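Visitor: Test case, fold it:
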Amino acid sequence: MRRLFALLLALCCLSALLTPVLATTADTAGDTASADNAAGEGDAAGDGEAAGEDTDAAGETAGGETEGEDAETEPETAPVQDVLSETAYKSVTVSCTVDEKGRAYVSQTLELSIVGTLQDISFTFPESAKSPKVEGYKTKSETKNGVRVLTVSNEAGFSGVVTFQLSYNQSGLVTAGEASQTLTLPLLSPQAYPIAALSFAVTLPAEFASSPSFSSGYYQDVIEDLMTVTSSGGVVTGLTSTPLQDNDTLTMSLTLPEGYFSGSFGSGAGSIVLLVLAGLCTALALFYWFRTLRNKTLRVSARSLPPDGVNPGDVPFLLAGGDADFNMLVSYWASLGYLSFFINQAGHVILRRRMEMGNERRAFERKLFLLLFGDESYCDGASLHYKKVGSKAMAVIPRYWARRIYQKRSGSPALARLLCCMACAFSTMLAMDALAPETLHALYMIAALVAGFAFCYFLQHACSAYYLNNWLLTGIGLGCGFLMLLVGVLGGAGLLTVITGGAAVFIGWQTAHGGQRRPEGDDIVAQTLGFRRFLLNATDHHAQQMLRRDPQYYYKMLPYAEAMGQGRRFTGLFHGVRLEPCPWYEAAAGTPTTPAAFYDHFCETLAILNVSIRK
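Guide: The predicted model follows:
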């Protein structure tokens, strides 16, 4: 029930968590057709402008003397024409809005004049840019020389004049000084082609009295003499009067009074805190495992007999740290002759006592057997009494084995797993910080915290579910791991997600059989794994050979196989064999004697008993 509740909670958080992720994916995929149209229109526009330029050139030749004086009054057009004689940006327009927390939302319009044909065009963004995209195009993302690079492709090639729309947001741009705050805003990242003309407009949250300063990667601070800048009403606009070189940059710096921006100056500080917390929790989990949970490598070899001194009810705990299986313990008692199952015409499961349990069994088994029957000779499998005895058994069996197979100084596997869950939760929050919209941002972060924790929980339990052949939980765990990785990659925290998720899988795998074991504990767990390996690899010939030696072999081993999740496969090994009647299982409607029919009937009985225990 706890796992079901955790799964439902994770699904609710997942719906909120993936909203911005799916929206981003839908925007990118949905604009693919418009991307091709944009490329086609760009080709047409390029041909039209090329024709127009030929007409203008002819006109200038015809009226050279008339236009000569005009040419002399516009000296700045010469370098622009030199730039456009090769592939270059005719114009770049930057529009930026900075909110009261120092977050910048940037939109760029780039008009690229292409000489010849280009199949791939790359655009650069600041390395810390969040949600960068080229509107209308599918892109390939990578990081080069400290900048984010998005590449668009067109098999038919780009030619003529093509317009691209870029957008992203950025935080961590504000630094605090003595009684002041400084905004450092990158307006232009290094692009692959020269820029003939650059204009920009930066809107700030309030008016200010100071003057901005500018720096270029090529011109340095001299760029201020090569551009026209105006400031009015909290808006800074500017226009360059000279072309910019390829791979040039432009950065605006503005000193503002203390308190102009509120909060922690964007999410930069929060991102660092989340990064540190995720790394710290991961390191603590691995260190805690190394010091208190590490075990020697088990030497496992297949064995045809169950582990020594272990009954089927103990197997889930020894094999994967799971809950003890009281129904399998009762079935084991039946196979030993202490009781029998009787299923009446109404389908009720009645347990009949056949003989008393003596000192040959463990003390806690004798107490449970006495509690189950008391002074009666039978017990209703669907009764509240059966449920109470089952609850006590599921509590006492783990304590019994914990005292015998684990070191006293052993740490807690639950604590190591908890640290991993916290690390994954923080890494998911870090990724969601880049994906979530500003509206309801805090709600998305809370959803990411819960979902990241749940993802890691199911991912770790997939290791335990694998040993019990529970493919449903194994699949859910792997799916949660994939979703966590997807969110991490899309949010720019892919490496951190791989590290925290990998540590979670490692801890889940290493602690699947419990804490730090004693030497005798290693032997018991190795025998249990060896018997599981035998059941996985056994052949029809081997199983039927064992049946010829002991006609009751199938009935004796079935509780063990079922406890390991191998019941149906084990039954399949006896296909075509007619069994002797089971001495401890009787049905009023007739007891099946073929393995498949008996197993199906036995599973129906177990389902009734499970309902009794869990209701």
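
Visitor: For the stretch 1-150 of the chain, give me the ranges with low pLDDT.
Guide: Along the stretch 1-150 of the chain, the parts satisfying pLDDT under 70 run over 1-84.

Visitor: just the chain next, same as before
Guide: 1-84, 263-269, 438, 615.

Visitor: what about the residue positioned nearest the centre of it, which SS state?
Guide: With distances taken as Cα atoms, centre = their mean, Met484 lies nearest the centre of the chain, 0.7 Å away. Using DSSP: H, G, I helix; E, B strand; the rest coil, the structure places Met484 in helix.

Visitor: For the nearest residue to it once chain neighbours are set aside, give me its contacts.
Guide: Of all residues not flanking Met484 in the chain, Phe455 sits nearest, at 4.2 Å (Cβ to Cβ, 6 or more residues apart in numbering). Using the backbone N, CA and C atoms, a C-beta is placed for each residue, glycine as well. Taking Cβ atoms under 8 Å, 6 or more residues apart in numbering as the contact definition, Phe455 lies against 10, 424, 428, 480-481, 483-484.

Visitor: so which of the residues you listed would you say is closest to Ala206?
Guide: Within those, the smallest distance to Ala206 is 34.6 Å, found for Thr428 (Cβ to Cβ).

Visitor: the helices in the stretch 401-550 of the chain, which residues?
Guide: 413-435, 441-467, 471-490, 494-510, 519-537, 540-549 (DSSP state H, counting those that start in this stretch).

Visitor: what packs against the first one?
Guide: Same thing as helix 413-435. If you count contacts as 3 or more Cβ pairs under 8 Å, 6 or more residues apart in numbering; DSSP states H and E, helix 413-435 packs onto helix 19-30, strand 130-134, helix 268-292, helix 441-467, helix 471-490, helix 494-510.

Visitor: Could I get the buried residue list for that helix?
Guide: Buried positions in helix 413-435, judged by neighbour count with 16 or more other Cβ atoms under 10 Å: 413, 415-435.

Visitor: and if you look at stretch 290-298?
Guide: 292-293, 295.

Visitor: Repeat that for stretch 361-379.
Guide: So for stretch 361-379, counting by 16+ other Cβ under 10 Å, buried means 365, 368-369, 372-373, 379.

Visitor: any chance of those residues in TSV, plus secondary structure and distance to Ala283?
Guide: Shown next, in TSV, are the buried residues of stretch 361-379 (DSSP: H, G, I helix; E, B strand; the rest coil; distance: Cβ to Cβ, whole Å):
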residue	secondary structure	distance to Ala283
Glu365	helix	44
Leu368	helix	44
Phe369	helix	48
Leu372	helix	48
Phe373	helix	53
Cys379	strand	52
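
Visitor: now these as TSV including distance to Gly576?
Guide: Formatted as TSV, those follow (distance: Cβ to Cβ, whole Å):
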residue	distance to Gly576
Glu365	36
Leu368	38
Phe369	37
Leu372	37
Phe373	38
Cys379	36
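
Visitor: quick revisit: for Trp333, find the nearest of the helices and strands packed on helix 413-435.
Guide: Closest among these, once you apply Cβ to Cβ, is helix 441-467, at 24.5 Å.

Visitor: Any idea how far that closest one is from the middle of the chain?
Guide: 8 Å (Cα atoms, centre = their mean, to the nearest Å).

Visitor: likewise stretch 518-534?
Guide: 33 Å.
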